[in-house]
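Undergrad: Okay, predicted coordinates and the sequence, questions at the end:
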There are 2 protein chains.
Amino acid sequence: MRILDIVERTVPILTELKNARVDFSEMTATVVAVITDQFRDGRRVVGYAFNSFGRYACGGPLRERFIPRLMKAPAAEWIDPASGLPDPLQAVRMLLRREKAGADSERSMAVGTLELALWDIVGKLSGRPLYQVLAERFGLPDASLPRTLACYAGGGFYQSGNDLEKLDAEIRGYLDMGYTAVKIKTGGLRLADDLRRIEHALALLPDGSHLALDASCAFDRQQALAFAAAIAPYGLRWLEEPCEPGDLETYRAVSEAYPGRVAGGENLFCAQEVHNFLRYGPAPDRVVLQPDPPLAYGAGEFHRIVQTSVLQGVPLEHIVPHGGNMMSLHVAAGLGLGGAESYPGLFGPFGGFSNEIAVVDGRVNLPAAPGIGFEEQPALYAIFAQLSS
Amino acid sequence: MRILDIVERTVPILTELKNARVDFSEMTATVVAVITDQFRDGRRVVGYAFNSFGRYACGGPLRERFIPRLMKAPAAEWIDPASGLPDPLQAVRMLLRREKAGADSERSMAVGTLELALWDIVGKLSGRPLYQVLAERFGLPDASLPRTLACYAGGGFYQSGNDLEKLDAEIRGYLDMGYTAVKIKTGGLRLADDLRRIEHALALLPDGSHLALDASCAFDRQQALAFAAAIAPYGLRWLEEPCEPGDLETYRAVSEAYPGRVAGGENLFCAQEVHNFLRYGPAPDRVVLQPDPPLAYGAGEFHRIVQTSVLQGVPLEHIVPHGGNMMSLHVAAGLGLGGAESYPGLFGPFGGFSNEIAVVDGRVNLPAAPGIGFEEQPALYAIFAQLSS
């Protein structure tokens, strides 16, 4: 097979969402199409991916380094000779030649987005959904593949005007859809007001274990410890990103003081960063780990992240990829992880799953479409289709 | 004052240099010109900077986020009302609004390059070289400003064909120029061959304290410890980047086993990363710390880096900014640090200092030109001048 062209574009994510730290009014994402010379079922095989959201587009390094390197690479450097299919792990090794050590986040999003587009091609060429391809590649016994996956609804952003009323309606909506666990933003108001918001959400749920909080890195050490103490009585699902992702001393202090789980990882971009997070930060046996596959070099690096995390004592069921999209869903299912998140109705066409996915009792079924299956997610696919038309 | 336009360009750094890990054949840099409506001495005031070298250009985030934000910002957000001059620290705070926590290296180079171009404007508008402006802003008493600064020659890259002969000629050249201390690359050959290369260099120098080694992150833990043991008898100036920048356990192990100094920091991009490096990595009292100002958010963040480092026990004289250019020279002099490096004759127009700088007995004088003074570095200024013409 050959790559005919690789097209990328920066698209705005039109949203008025706000967390404790930032609003997303200028937010963009990068969408990528890797166009091949192959056909399946009368359709040209094109690999699609995007770089998650919440961080900005990564078109610079894609255009200036990684797309040209992939376009120029001889087949031997990224195609598996046995199968004739792309080998995304080998491709990443090739892409990273001539890259200096460190500064992972400067390139991990560009590389991860390309890597996932290559996995989409592998799935499409072999006629299987990506999670099955990943399970085989990384040695998860096929029999153990989960038929459904735990999934919670991420949302509860701060809204202007009638915030509590809107939060109420939003959570009821998630429960109506079939979700049983919900995550809301916190840390953006005075403590008393944030607690009122939490209690408002709790009133709609069976108990605290169905509600997670995301503080979006809002706190310094003293604030984080005070906040953790204040929410301890609720017995919540987890407290996410109480502080800056690099503030490992605060992570450790919170983890030592707080009886529940501390979550983090969407701002860690490679296995080494995750290793250090677990080595110096929160206690591995009480962490919920949430790196984001396309932001962190893709599914291959995610597998290394899982390996280093398990070695340090993180149970597989506490690894829950960030992202709320089909890529994270496949990675979670294919690597046998604890679950995925979902952003139903948020972040425009980039939020939510494909039409194949239904939520029942807090679990989602897995898709059958080959590859990632963005073709079954019409609003998002409309954006991808423009790239390759 | 007003900014009329901000122009950036990606330029290739044409070099065949190789270290233990990468060759630099595809290397690029970003050059920036911030064009103002002001004039001094009959010349339009334009702020210039580039993003150091060794990492690739950072035009993506500049074009998509940071240049538009600076162009759109009201004067109150980045001009000091008292002086009417740009306030680069305030400008950075404005630029980072709507940026998520973490992933510093994804933006620190774009922001740092703009920040230094703004400092260039401050220097030019106030008619003073940048190091004096920085010393005043960060409270270094003017009387204590060094009139000269320790400076070593960085080089000794691996060369194809007659490597040892070329190394010889290169080091003799540095000594002829007035340098007394030299740094060479290591870790790219079998140990015996690297030791031969080190002994070759030592033969030209008074003793080991005049030779530093840069392993360019080549080693894993076992290799790093073996290498450190092998070079211990030479009593060298320092061993730089024995391992990946994030491998803090190896840094610590080498620092505990090796009797000399361990250097690192060119791949750390903010004060938090430096804090963690010193907290978990090499012993602070025996480290040489080398972050690179435009790669790490600029001079303001460098000042925070110095503060957190001193608090953890790093002597000021062991902080030696990476980069080998006028920006690092001003930051080192302005913040009262231990010295600077230089790349005379390497990296084309981006290596070396301005015509004002002479080397005598391993020390350089400080420049008198206002701002950074790229105007006195003709080959580099020719590149900048194209941006603003």
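TA: Done, it's in. Since the model is a prediction, treat every value here as computed from it, not as a measurement. Residues are numbered from 1 along each chain as shown, chains lettered A, B, ... in the order given.
Undergrad: what is the mean pLDDT for stretch A:369-379?
TA: Averaging pLDDT along stretch A:369-379 yields 97.
Undergrad: For the residue of chain A found nearest chain B, give me its contacts.
TA: Here chain A gets closest to chain B at one residue, A:Gly60, 1.6 Å apart by Cβ to the nearest Cβ. Backbone N, C-alpha and C define where each C-beta goes, glycine included. By Cβ atoms under 8 Å, 6 or more residues apart in numbering or on different chains, A:Gly60 lies in contact with A:Ala110, B:Ala57, B:Cys58, B:Gly59, B:Gly60, B:Pro61, B:Arg63, B:Glu64.
Undergrad: Tell me the confidence at it?
TA: Model confidence at A:Gly60 (pLDDT) stands at 96.
Undergrad: what's the following helix or strand after the one helix or strand it maps to?
TA: Using DSSP states H and E, A:Gly60 sits within helix A:59-61. Next along the chain after helix A:59-61, taking DSSP H and E as the criterion, comes helix A:67-72.
Undergrad: So which bits of that following helix are buried?
TA: The neighbour-count check on helix A:67-72 (16 or more other Cβ atoms under 10 Å in any protein chain shown) flags A:Ile67, A:Arg69, A:Leu70 as buried.
Undergrad: want to throw these into a markdown table with pLDDT and distance to chain B?
TA: Conversion of the buried residues of helix A:67-72 to a markdown table gives the following (pLDDT from 0 to 100; distance: Cβ to the nearest Cβ, whole Å):
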| residue | pLDDT | distance to chain B |
| --- | --- | --- |
| A:Ile67 | 98 | 12 |
| A:Arg69 | 97 | 8 |
| A:Leu70 | 98 | 14 |
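Undergrad: Show me what from the stretch 251-389 of chain A comes close to chain B.
TA: Residues of the stretch 251-389 of chain A lying close to chain B (Cβ under 8 Å from any Cβ of the partner chain) are A:Asn267, A:Leu268, A:Phe269, A:Cys270, A:Gln272, A:Glu273, A:Asn276, A:Arg279, A:Tyr280.
Undergrad: so how many other residues sit close to A:Phe219?
TA: Residues within reach of A:Phe219, counting by other Cβ atoms under 10 Å in any protein chain shown, total 23.
Undergrad: Just the closest of the residues of the stretch 251-389 of chain A next to chain B to B:Ala218, please.
TA: Of all those, A:Gln272 has the smallest distance to B:Ala218: 15.6 Å, by Cβ to Cβ.
Undergrad: so what does the helix or strand encompassing the closest one touch, helix or strand wise?
TA: Using DSSP H and E, A:Gln272 maps to helix A:271-280. Here helix A:271-280 touches helix A:248-257, strand A:287-289, helix A:299-311, helix B:248-257, helix B:271-280, going by 3 or more Cβ pairs under 8 Å, 6 or more residues apart in numbering or on different chains; DSSP states H and E.
Undergrad: Provide a list of residues in contact with A:Ala257.
TA: A:Leu225, A:Ala228, A:Ala229.
Undergrad: May I see these arranged in TSV, with secondary structure and neighbour count as well?
TA: Formatted as TSV, the contacts of A:Ala257 follow (DSSP: H, G, I helix; E, B strand; the rest coil; neighbours: other Cβ atoms under 10 Å in any protein chain shown):
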residue	secondary structure	neighbour count
A:Leu225	helix	19
A:Ala228	helix	22
A:Ala229	helix	12
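Undergrad: how about these in JSON lines, adding pLDDT?
TA: What follows is these, written out as JSON lines (pLDDT from 0 to 100):
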{"residue": "A:Leu225", "pLDDT": "98"}
{"residue": "A:Ala228", "pLDDT": "98"}
{"residue": "A:Ala229", "pLDDT": "98"}
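Undergrad: and the gap between the residue of chain A closest to chain B and B:Gly123?
TA: 29 Å (Cβ to Cβ, to the nearest Å).
Undergrad: likewise A:Arg9?
TA: Distance check for A:Arg9 against B:Gly123: by Cβ to Cβ, it reads 40 Å.
Undergrad: out of the two, which sits in the more crowded spot?
TA: When A:Arg9 is set against B:Gly123 and neighbours are counted by other Cβ under 10 Å, the residue ahead is B:Gly123, at 25 against 17.
Undergrad: Test my guess that the more buried one contacts B:Val133.
TA: Yes: with contact defined as Cβ atoms under 8 Å, B:Gly123 reaches B:Val133; the gap is 5.2 Å.
Undergrad: All the helices of chain A, residue numbers only.
TA: Counting by DSSP state H, chain A has helices at residues A:59-61, A:67-72, A:88-95, A:104-126, A:130-137, A:163-177, A:191-202, A:221-231, A:248-257, A:271-280, A:299-311, A:326-334, A:378-388.
Undergrad: Dump the longest one to PDB, restricted to CA.
TA: In other words, helix A:104-126. What follows is helix A:104-126, C-alpha atoms only, in PDB (Å, rounded to 0.1, in the frame of the first residue of the first chain):
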ATOM      1  CA  ASP A 104       7.400  15.600  24.600                       C
ATOM      2  CA  SER A 105       4.300  17.700  24.500                       C
ATOM      3  CA  GLU A 106       5.800  19.800  21.700                       C
ATOM      4  CA  ARG A 107       5.400  16.800  19.400                       C
ATOM      5  CA  SER A 108       3.400  14.100  21.200                       C
ATOM      6  CA  MET A 109       0.000  15.400  19.900                       C
ATOM      7  CA  ALA A 110       1.200  15.600  16.300                       C
ATOM      8  CA  VAL A 111       2.700  12.200  16.400                       C
ATOM      9  CA  GLY A 112      -0.200  10.700  18.400                       C
ATOM     10  CA  THR A 113      -2.800  12.000  15.900                       C
ATOM     11  CA  LEU A 114      -0.900  10.500  13.000                       C
ATOM     12  CA  GLU A 115      -0.400   7.200  14.800                       C
ATOM     13  CA  LEU A 116      -4.100   6.900  15.500                       C
ATOM     14  CA  ALA A 117      -4.900   7.600  11.800                       C
ATOM     15  CA  LEU A 118      -2.500   4.800  10.900                       C
ATOM     16  CA  TRP A 119      -4.300   2.500  13.300                       C
ATOM     17  CA  ASP A 120      -7.600   3.500  11.600                       C
ATOM     18  CA  ILE A 121      -6.000   2.300   8.300                       C
ATOM     19  CA  VAL A 122      -4.900  -1.000   9.900                       C
ATOM     20  CA  GLY A 123      -8.400  -1.600  11.200                       C
ATOM     21  CA  LYS A 124     -10.000  -0.800   7.900                       C
ATOM     22  CA  LEU A 125      -7.600  -2.900   5.800                       C
ATOM     23  CA  SER A 126      -8.100  -5.800   8.100                       C
END
